[in-house]
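J.: What would the 3D arrangement of this be:
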Amino acid sequence: MKKIVVLVLLFVLNLHSNAQSRTSTVEYQKADREAIVNEVPFSEDMITRAIQDTLEKLGYKGKESKGFIVYKGVKMPALGSEAYDLYFSVDKKSKREKDISKVTLMISKGFDSFITEKSDPGLVRNAKTYLDSLRNTVAVYDKGQQISEQEEVVKKAEKKMENLTEDAQDLQKKKKKLEKEIEDNIKEQADQQKELEKQRQVLSTLKGTNGQ
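T.: Residues are numbered from 1 along each chain as shown. Take a look at the predicted model:
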């Protein structure tokens with residue numbers, strides 16, 4: 001019985017982790033629009049930055065519009081041969097599932113000419129495949145960010161180590177200088193002690209002479 005429960009849970013988790021893109025309806029500019037939706041196991045910020053990074057590398061810059069980030073005239077082989085306006089929205093799935101986000105994508109052929117599964121089944125199919133692959137895109141971007149951040153941590157640690165090494169060298173020089181100064185001081189004390197005894201002897205002799 002326990003094995004069956006475990007297998008069922010694993011099956012459910014597997015379905016969840018490999019959620020397929022689907023069509024849905026969203027409101028944009030006071031009208032219902034058909035959109036492609038998927039759940040991606042990353043935070044809103046990470047997904048948004050990954051999308052931004054990918055499209056900026058292709059030469060496109062997004063602009064905010066009514067809760068969506070819009071990229072105009074995008075040519076992306078994964079979608080098709082034409083240029084499309086891409087409307088992205090990334091929202092946290094729920095308060096309890098902060099690291100899972102709902103990604104919504106609307107596609108327009110210009111102005112208000114938004115596509116639907118009925119009007120452009122091939123394009124919608126490509127868009128679903130694109131959103132299905134988005135988790136991998138975000139994962140690669142996330143790993144790249146972690147590597148960059150860790151490289152910066154290592155760089156700072158190396159710089160601190162370099163500074164400490166230089167400080168140690170300076171301290172060694174100061175130590176040698178101080179040891180030399182102490183050695184010279186001890187020698188000077190010995191010489192001065194001899195001089196002091198000599199002068200005391202002179203003083204004692206003078207006092208003895210005055211007493212005769």
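J.: And the strands in this protein, which stretches?
T.: 22-28, 31-40, 63-65, 68-75, 83-92, 101-108 (DSSP state E).
J.: chain center to the longest helix along the chain, what's the gap?
T.: Determined from DSSP state H, the single longest helix within the chain is helix 121-210. For helix 121-210, the separation from the chain centroid amounts to 28 Å (computed by C-alpha atoms, centre = their mean, to the nearest Å).
J.: okay, and for this protein, where does confidence drop off?
T.: 1-18, 210-212 (pLDDT under 70).
J.: ok so, going back, any chance of the strands of the chain in JSON lines, with mean neighbour count and distance to residue 200 too?
T.: Placement of C-beta: from N, CA and C, glycine included. Shown next, in JSON lines, are the strands of the chain (neighbours: other C-beta atoms under 10 Å; distance: least, C-beta to C-beta, whole Å):
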{"stretch": "strand 22-28", "mean neighbour count": "14", "distance to residue 200": "104"}
{"stretch": "strand 31-40", "mean neighbour count": "19", "distance to residue 200": "93"}
{"stretch": "strand 63-65", "mean neighbour count": "9", "distance to residue 200": "93"}
{"stretch": "strand 68-75", "mean neighbour count": "17", "distance to residue 200": "93"}
{"stretch": "strand 83-92", "mean neighbour count": "19", "distance to residue 200": "90"}
{"stretch": "strand 101-108", "mean neighbour count": "22", "distance to residue 200": "91"}
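J.: Could I get these in TSV, plus columns for distance to residue 135?
T.: Output for the strands of the chain, formatted as TSV (distance: least, C-beta to C-beta, whole Å):
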stretch	distance to residue 135
strand 22-28	15
strand 31-40	5
strand 63-65	24
strand 68-75	18
strand 83-92	13
strand 101-108	9
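J.: out of the ones you listed, nearest to residue 146?
T.: The stretch from the strands of the chain with the least distance to residue 146 (C-beta to C-beta) is strand 31-40; that distance is 17.1 Å.
J.: Each with direction, which strands does that closest one pair with?
T.: Sheet pairing of strand 31-40 (DSSP bridges) gives strand 22-28 (antiparallel), strand 101-108 (antiparallel).
J.: Can you say which of the ones you listed is nearest to residue 55?
T.: strand 101-108 (12.1 Å).
J.: which other residues reach that closest one?
T.: Contacts to strand 101-108, defined as C-beta atoms under 8 Å, 6 or more residues apart in numbering, come from residues 24, 26, 28, 33-40, 42-44, 47, 68, 79, 84-93, 114-115, 123, 127, 130-131, 134.
J.: same thing with stretch 125-137?
T.: 20-23, 36-38, 40-42, 47, 50-51, 54, 76, 78-80, 103, 105, 107.
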